[in-house]
Each structure stands twice: as structure tokens, then as C-alpha cells.
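Engineer: Test case, fold it:
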Amino acid sequence: MPRNGKHLAMYNFGLHVAPYDSPAVEGFRLREAANFEAAARAHGFIGRSGYDGDPGPACWGKQVFPRFIEGSGFATAPSSLSLWTDIESLMAFTYNGVHADALKHARQWNVKQRWPALVLWWVDADVIPEWKDGADRLERLHDEGLSAAAFSFKQPYAATGQPATIDRGRVREIAALNATGQSDLLAHVLALKA
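Structural biologist: Reported below is the predicted structural model:
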């Protein structure tokens, strides 16, 4: 359920060590579809933006990137934009199962970041954030630090704008629920090369 008529928006951004189609990031590429499917099956998932020109969900505005892409040599970079009912649901997905397997290998696929890996913020339940919103919020988190307008798992904020505490017991419960509906995906990714 949305908290006070709000949804939690999440944007993440990274840079690969090599082009997307290179052998150096093949493990990422092989896991990408399974990660999207695991999110779609996850408790609390509302939806995600697709990518302009790709089959799948609609793209939420023109895809843009934060300034951290400058000088990288890349015109695009791995990023995602999604909506969740609450922070516990997002945390359960992020640090468990299929996505946790991807995080385990991320250091070999991605450059070391000098910016936050992700940013979270609350939006009204009838609002669909755009890519620009995510890029702007990630830059704001980097430049100004944590606030109700741009935060992370380290210091979450409630939909009311007040600092919050993550209910770790609920995260474990949601992760267990997700595991039952994603066991086939997890078996698939665990069999993939890193």
C-alpha cells in the first residue's frame, strides 16, 4: 500500500568497465532480464521505466544521465528508474535473491563510483517520475547530502518527510515471500558465468 498516498521512487546509475556488448560485462548482460523479471514479481513493486526504443515497458520521459557520465567515453550507462510501495519492499528485492547475486559481481562489471549508487524519494501516487528527475536527485544527493528530497537506505525518510527507520523484520518477511516466487530465476542466475 502507498504510504500517505505516496510511492517510493528509486533511481540508480553506474558505469561499466567496458561497452555493454563486451565480454567484460557479459555477466551483467546475461542477468539483466532475470533482474527485471525478479523486480516485476517482487512484493511492493509498482513499475519501472523502459528504455527508449527497446521492447518492454514505456520509457518515462527522455532518458538522460547525471553529470557523472561526462568524460567516461560512454553515451549511455546502466541505470534504472522504478516505483515501489515502500522502502522495505525495495530493500528486500535489492539485497536478496536474484538482485543480490548481481550485486555480488558488480565490482567486476562497473567502475568504482565517486557518486551515490542510488537515490530514493517519495512521489504522489499519481505521479510517474521521469529520468531527468532521477538524474537530478542523484546529483542533489551527491552535492547536498541526505534529505527528504534525496535519500538512501543509510538514512531513509518517511513519506511525511521525517527521518525514518527501516523495519528489518519486515524486510526479512518480504524477502522470504519473494524467494518463493523467484526460485526459478535464482536457480537460473546462479548457473550463469560472472
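Engineer: What are the buried residues along stretch 76-84?
Structural biologist: Buried residues in stretch 76-84, defined by neighbour count with 16 or more other Cβ atoms under 10 Å: 77, 78, 79, 80, 81, 82, 83, 84. Where you see a C-beta, it was placed from the backbone N, CA and C, and this is true even at glycine.
Engineer: Can you tell me which of these end up in strands?
Structural biologist: 79, 80, 81, 82, 83, 84 (DSSP state E).
Engineer: number of nearby residues for residue 8?
Structural biologist: 24 (other Cβ atoms under 10 Å).
Engineer: if I look at it, how far off is residue 109?
Structural biologist: 26 Å (Cβ to Cβ, to the nearest Å).
Engineer: so who does the residue nearest to residue 79 when sequence neighbours are not counted touch?
Structural biologist: Excluding its sequence neighbours, the residue lying closest to residue 79 (Cβ to Cβ, 6 or more residues apart in numbering) is residue 13, at 4.4 Å. Going by Cβ atoms under 8 Å, 6 or more residues apart in numbering, residue 13 touches 65-66, 68-69, 77-79, 115, 117-118, 134-135, 138.
Engineer: change it to 10 Å
Structural biologist: 65-66, 68-69, 77-81, 113, 115-119, 134-135, 138-139 (Cβ atoms under 10 Å, 6 or more residues apart in numbering).
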